[in-house]
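*Asks:* Any chance you can model this:
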Amino acid sequence: MYLFSLWSMKKDPDLEAALTRNRRWIVNNQIKNIILRCPDHVASVNFLQKKFKTLDLQGKALNWVKKYPCCFEVYFKDDEYHCRLTKKMMLLVQEEETVKDMQETVFVERLAKLLMMVSNHRLNVSKLNEIKNNLGLPDDYLIRIIPKHLDMFRVVNYGGRKNSMQIELIKWDPELAVSKIERKSKERVCNPSFTCSLPSTWVKSWERFREFDSLPYISPYTDPGHLVNGSKESEKRTIGLLHEFLSLTLWKKASIMKLGHFTREFRLPERLNVLLLKHPGIFYVSNKYQIYTVLLREGYNGSELVEKDPLVVVKDKFGELMQEGLHEYNRRRHMLNLEKKRKKGVIAMKREKNEPVHELSDEGDDLGGIFDPEERKRLESIMSEEMQTKGLKLSNANGCVLQSMRHG
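*Replies:* Numbering: from 1, shown residues only. Below you'll find the predicted structure:
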């Protein structure tokens with residue numbers, strides 16, 4: 001277990017904002033998938049509430065889905081609340097499925113590249129499922145993609161147990177065994193090197209980066225068997241592997257806890273956190289929402305992705321729909337709060353005058369008396385004339401009454 005409390009990295013407001021935006025999308029996307037797996041694409045709110053723990057959420061599910069009226073439609077039936085996707089959401093779901101069909105070749109390449117970086121070119125299906133969303137793989141990739149590409153992959157189970165099922169790469173493609181850094185270097189006709197995304201004022205960090213980058217680049221697709229654990233060369237390859245893995249993800253980021261599950265497969269050091277913090281120019285580590293996440297700095301320009309996968313473009317539309325609903329929800333809440341404050345203000349004024357307080361009904365009943373505008377004007381006019389005849393200001397009237405009561 002990593003000593004998370006010892007981590008420290010200067011916060012980047014733009015990358016923190018990107019994580020905030022992405023977090024809401026992730027949660028609502030998971031709720032969307034839960035609803036789609038339910039019969040008739042309808043889930044009871046009580047059922048969603050039970051799933052909240054797995055989504056790392058607190059509070060009431062009903063309150064959450066009501067915040068996004070453009071995404072989720074809530075209705076009451078059979079003595080309980082139910083939730084389904086709105087028509088706009090269903091259109092986006094269809095668009096997402098179309099993009100996934102068009103991206104099948106890309107998914108195959110990503111999966112192959114991932115397996116090519118693994119020491120024995122095999123990955124446990126349970127572990128792969130933990131990062132499938134990072135890579136954009138569809139939930140049903142085992143039956144949607146693998147059977148169509150039996151020349152590349154096969155499903156094996158050497159352990160004989162249900163949880164030991166693995167996907168194995170059976171065809172090595174040299175054209176795929178080229179990292180993003182190597183492709184860029186070929187385009188620029190230069191030696192492979194990392195990019196440092198730090199201000200020039202970080203002098204010491206720049207010096208350490210130049211020293212690290214001066215070592216020969218080692219491709220993450222090469223066999224690391226000849227490298228000595230803990231050596232500079234081994235570290236160089238590991239950084240290259242992490243860079244390549246994050247480059248394959250949709251949002252150029254990953255949970256460090258999940259990366260730690262692949263320590264053996266990727267030959268990662270046990271203290272992965274220490275390694276990442278040694279390279280702040282390449283990676284950004286955040287503890288947003290108490291989840292340690294690593295982002296590839298060069299993948300972002302401010303808070304926006306430099307390159308957007310077609311699947312991300314569709315998911316951004318989902319995010320826009322979320323914001324549209326959230327804006328409408330907040331506007332309604334604001335209007336209700338203003339109305340409550342207005343009503344409380346009237347009641348407070350009534351109490352100051354030491355008169356009986358009448359409850360205000362939501363229907364706007366005509367209360368008459370002091371709450372009637374015409375009656376109020378008439379009383380104020382009478383009191384004003386009376387005060388003026390006595391040479392007193394209206395503002396001192398309450399004080400005079402109190403004095404007379406004290407000496408009465």
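
*Asks:* tell me what the longest helix seen in the chain is packed against?
*Replies:* Criterion DSSP state H: the longest helix present in the chain is helix 310-352. Judged by 3 or more Cβ pairs under 8 Å, 6 or more residues apart in numbering; DSSP states H and E, helix 310-352 is in contact with helix 13-37, helix 87-102. Backbone N, C-alpha and C define where each C-beta goes, glycine included.

*Asks:* helices or strands next to the first one in the packing?
*Replies:* In this structure, helix 13-37 packs against strand 42-44, helix 45-51, strand 80-85, helix 87-102, strand 283-286, strand 293-296, strand 300-301, helix 310-352, with contacts taken as 3+ Cβ pairs under 8 Å, 6+ apart.

*Asks:* out of these, nearest to Lys127?
*Replies:* Comparison of the helices and strands packed on helix 13-37 against Lys127 by Cβ to Cβ identifies strand 293-296 as nearest, at 17.7 Å.

*Asks:* before we move on, the earlier item: with mean pLDDT and distance to His226 added, can I get the helices and strands packed on helix 310-352 in JSON lines?
*Replies:* Shown next, in JSON lines, are the helices and strands packed on helix 310-352 (pLDDT from 0 to 100; distance: least, Cβ to Cβ, whole Å):
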{"stretch": "helix 13-37", "mean pLDDT": "85", "distance to His226": "36"}
{"stretch": "helix 87-102", "mean pLDDT": "93", "distance to His226": "40"}
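
*Asks:* Would you convert those helices into CSV that also reports mean neighbour count and distance to Leu176?
*Replies:* What follows is the helices and strands packed on helix 310-352, written out as CSV (neighbours: other Cβ atoms under 10 Å; distance: least, Cβ to Cβ, whole Å):
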stretch, mean neighbour count, distance to Leu176
helix 13-37, 17, 28
helix 87-102, 15, 19
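
*Asks:* In TSV: the ones you listed, plus distance to Ser286.
*Replies:* Below are these laid out as TSV (distance: least, Cβ to Cβ, whole Å):
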stretch	distance to Ser286
helix 13-37	6
helix 87-102	27
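
*Asks:* quick one: which of those helices is nearest Glu339?
*Replies:* Per Cβ to Cβ, nearest to Glu339 of those: helix 13-37, 27.6 Å.

*Asks:* what angle do that closest one and strand 80-85 make?
*Replies:* Angle, helix 13-37 to strand 80-85, by axes from the mean of the first three to the mean of the last three Cα atoms, to 10 degrees: 110 degrees.

*Asks:* Give me the distance from helix 13-37 to the chain's centre.
*Replies:* How far helix 13-37 lies from its chain's middle: 4 Å, per Cα atoms, centre = their mean, to the nearest Å.

*Asks:* Between helix 87-102 and it, find me the angle.
*Replies:* Orientation of helix 13-37 against helix 87-102 (the same axes, to 10 degrees) gives an angle of 100 degrees.

*Asks:* Show me what helix 13-37 is in contact with.
*Replies:* Residues from elsewhere that reach helix 13-37 (Cβ atoms under 8 Å, 6 or more residues apart in numbering): 41-43, 48, 51, 55, 57, 64-65, 68, 71-72, 83-85, 89, 93, 139, 251, 253, 284, 286, 288-289, 293, 295, 297, 300, 302-304, 315, 318-319, 322.

*Asks:* how about 6 Å then?
*Replies:* By Cβ atoms under 6 Å, 6 or more residues apart in numbering, the surrounding residues in contact with helix 13-37 are 41, 43, 51, 55, 85, 284, 286, 288-289, 295, 302-303, 319, 322.

*Asks:* Which members of these are the farthest-apart pair?
*Replies:* His41 and Tyr284 (37.7 Å).
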